[in-house]
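> sequence? don't have it. structure:
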């Protein structure tokens, strides 16, 4: 299967990274809108684990890594939505 222009309408020249950040569709916006609360839940669950005592080090390490990864991703997706003029 090819990925030629017949499958999707094209607007003009190939997208640059600046232009690509402005190009989005409803699925992109919905993905970001639904992933933000999903990631926020992961941060919240990590906070719950990190507040408990007696949790194995492997679990607290995982919770710390999850929290560290999800925060920047939330910021990135929020930035996309804002740049697209979409509600967060």
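Received it, and whenever you're ready, just let me know what you need. None of the values given here were measured: they were computed from a predicted structure.
> what residue in the protein is the furthest from its centre?
The outermost residue of the chain, judged against the average C-alpha position, is residue 54 (31.7 Å), by CA atoms, centre = their mean.
> that one and residue 62, how far apart?
16 Å (CB to CB, to the nearest Å). For the C-beta atoms, the positions are set from N, CA and C on the backbone; glycine is no exception.
> with residue 72 instead?
17 Å.
> tell me who's in contact with residue 28.
80, 84 (CB atoms under 8 Å, 6 or more residues apart in numbering).
> which element is it on?
Residue 28 is part of helix 26-51 when elements are defined by DSSP states H and E.
> give me the distance from the helix or strand that that helix is followed by to the chain's centre.
Reading on from helix 26-51 to the C-terminus, the next helix or strand found by DSSP H and E is helix 57-84. Centroid displacement of helix 57-84 relative to its chain, using CA atoms, centre = their mean, to the nearest Å, is 8 Å.
> so where's the chain shaky on pLDDT?
1-22 (pLDDT under 70).
> tell me the phi and psi of the residue farthest from the centre of the chain?
phi 80, psi 10 (degrees, to the nearest 10).
> neighbours around the closest residue to residue 70 other than its chain neighbours, how many?
Distances taken as CB to CB, 6 or more residues apart in numbering put residue 39 closest to residue 70, at 4.3 Å, once the chain neighbours are dropped. By the criterion of other CB atoms under 10 Å, residue 39 has 20 neighbours.
> isn't residue 82 up against residue 88?
Yes: with contact defined as CB atoms under 8 Å, residue 82 reaches residue 88; the gap is 6.9 Å.
> so these two - more neighbours on which side?
residue 88 (14 against 11).
> from what I can see that one touches residue 36, true?
Yes: using CB under 8 Å as the test, residue 88 is close enough to residue 36 to be in contact (6.5 Å).
> common neighbours of those two, please.
78, 81.
> now do the same end-to-end measure for stretch 47-60.
Start and end residues of stretch 47-60 are separated by 10 Å (CA to CA, to the nearest Å).
> hmm, who's touching that stretch?
63-64, 67.
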